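Chemist: got a sequence here, can you model it:
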Amino acid sequence: MATDRLYPVSNSESARINILTADDHPLIREGLAAVLRGEPDMVVVAEASNGEEALEAYARLRPDIVLMDLRMPVMDGLAATRAILAEDPDARIIMLTTYDGDEDIHRALAAGARGYLLKDMLRTDLLEVVRSVRRGQRGIPAPIAARLAEHMPRIALTPRELEVLRFVADGLSNAEVAVRIGRTEGTVKVHLKNILQKLDVHDRTEAVTTALRRGFIRLD
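Modeler: Residues are numbered from 1 along each chain as shown. Next up is the predicted model:
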């Protein structure tokens with residue numbers, strides 16, 4: 001059962017941009033509400049603390065814009081974005097997150113997000129992106145576009161390579177990784193060689209550091 005907080009909308013607000021915010025930190029939601037309430041063309045119609053609540057609130061309210069955190073409990077932002085778009089392909093979703101890795105951005109856009117914002121970006125960036133996405137445009141601020149351009153063309157790691165890399169990040173040896181994935185140690189070495197080449201790094205430690213910085217993997 002969703003516990004999102006609802007805001008009453010008067011007739012005078014009906015022409016405004018109706019916004020749903022989804023973030024598991026109450027202070028972030030309160031800060032967003034304070035900023036957006038100060039704009040004459042915007043109104044926060046609901047808040048959600050996880051992706052599942054965001055999905056329920058979207059189905060009930062059909063807001064113009066969803067400001068979606070990338071990492072949340074129960075259902076994360078990517079899963080919630082895909083679920084909302086499966087229900088309404090015209091939904092306009094903006095990722096608002098602390099994660100600035102190029103792979104984080106790629107995954108969000110591939111899931112269907114129309115904009116990507118970092119939580120430490122200026123208030124003006126937030127408002128500009130919200131209005132741009134409401135008009136049907138993309139909302140990609142210059143620093144985000146630059147981060148994407150820095151690693152073009154995009155080189156993706158395979159699911160198996162990501163699995164191996166996560167085990168390496170957990171401190172497992174090649175032999176231990178081999179046991180975990182049910183393959184030989186030689187196969188693990190081949191995967192690691194491919195990972196090093198794709199990430200343009202020289203050793204396991206650098207591979208993990210780069211993968212964390214760029215958003216290929218996360219340490220939970």
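Chemist: find the centremost residue of the protein, please.
Modeler: residue 70 (3.3 Å; Cα atoms, centre = their mean).
Chemist: right, and that residue touches residue 99 too?
Modeler: Yes: the pair residue 70 and residue 99 qualifies as a contact (Cβ atoms under 8 Å) at a distance of 5.5 Å. For every residue, glycine as well, the C-beta is placed using N, CA and C.
Chemist: please name every helix or strand in contact with the one helix or strand residue 45 maps to.
Modeler: According to DSSP states H and E, residue 45 maps onto strand 42-48. Judged by 3 or more Cβ pairs under 8 Å, 6 or more residues apart in numbering; DSSP states H and E, strand 42-48 is in contact with strand 5-6, strand 17-22, helix 26-37, helix 51-61.
Chemist: which one of the ones you listed lies closest to residue 136?
Modeler: strand 17-22 (12.6 Å; Cβ to Cβ).
Chemist: apart from its neighbours in sequence, what residue is nearest residue 37?
Modeler: In this structure, residue 37 finds its nearest non-sequential neighbour in residue 44, 6.5 Å apart by Cβ to Cβ, 6 or more residues apart in numbering.
Chemist: mind checking how far that neighbour is from residue 211?
Modeler: From residue 44 across to residue 211, the span is 36 Å (Cβ to Cβ, to the nearest Å).
Chemist: count of neighbours near residue 39?
Modeler: 16 (other Cβ atoms under 10 Å).
Chemist: and the longest helix for this protein?
Modeler: Identified as the longest helix of the chain according to DSSP state H is helix 185-199.
Chemist: surely residue 199 and residue 208 touch.
Modeler: No: between residue 199 and residue 208 there is no contact, the gap being 9.6 Å when judged by Cβ under 8 Å.
Chemist: quick one on the thing from earlier: my read: the residue nearest to residue 37 touches residue 23, true?
Modeler: No: applying Cβ under 8 Å as the test, residue 44 and residue 23 come out as separate, 11.8 Å apart.
Chemist: mutual contacts of these two, please.
Modeler: residue 32 (Cβ atoms under 8 Å, 6 or more residues apart in numbering).
Chemist: no more questions from me, cheers.
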